[in-house]
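Enquirer: just need the structure, nothing else, for what follows:
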Amino acid sequence: MRIWSLHPKYLDAKGLVALWRETLLAKRVLEGNTRGYKHHPQLHRFQAAEKPLDALNQYLSVVWEEAQARNYRFDKDKINWNFAPTSLPLTHGQLAYEMVHLLKKLQARDVGKYEELVALKSCEAHPLFRIIEGEIEAWEIIKK
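Expert: Reported below is the predicted structural model:
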């Protein structure tokens, strides 16, 4: 499961669809509607929020908006649109790590998107997150 901290506009088609599905799975976990993934590291930041489901629905709303911009048909009814807006902290180091991670994925599966992004000097976080100083987040699993 990868719930990107990056703005979803950076994802290729495969990545955006996977993000939608994985975030819906995360939502089911937070709702108590699944047995697996309850302790998945990607969920820690949402579980730490004052209102975890509101944060996750807000996250999903931005993913849905990106899908709309691309003329994808993601089901709007999967989101509880009555969420209370919030923000979650995200370290600068985590955002940078995720961009490098995404670029590696894109280099293998979508060279056009890779070439579009590789020259970026900086990247935007998903709007749910506010950037703070710091290294890679403690919940991140770093593959060597």
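Enquirer: only C-alpha atoms from now on, for both contacts and neighbour counts.
Expert: Fine.
Enquirer: residue 16 is in what secondary structure piece?
Expert: Applying DSSP states H and E as the criterion places residue 16 in helix 13-31.
Enquirer: right, and the helix or strand after the helix or strand bottoming out on mean pLDDT in the chain?
Expert: The helix or strand of the chain with the lowest confidence, counting by mean pLDDT, DSSP states H and E, is helix 44-47 at a mean of 92. Remark: after helix 44-47, the chain's next helix or strand is helix 52-69, criterion DSSP H and E.
Enquirer: pull the very next helix or strand once past that following helix out as CSV, backbone CA atoms only.
Expert: On the C-terminal side of helix 52-69, the closest following helix or strand by DSSP H and E is strand 88-91. Written as CSV, here are the backbone C-alpha positions of strand 88-91 (Å, rounded to 0.1, in the frame of the first residue of the first chain):
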residue,chain,number,x,y,z
LEU,A,88,-1.4,16.8,8.6
PRO,A,89,2.3,17.4,9.0
LEU,A,90,4.8,16.0,6.4
THR,A,91,8.5,16.4,6.5
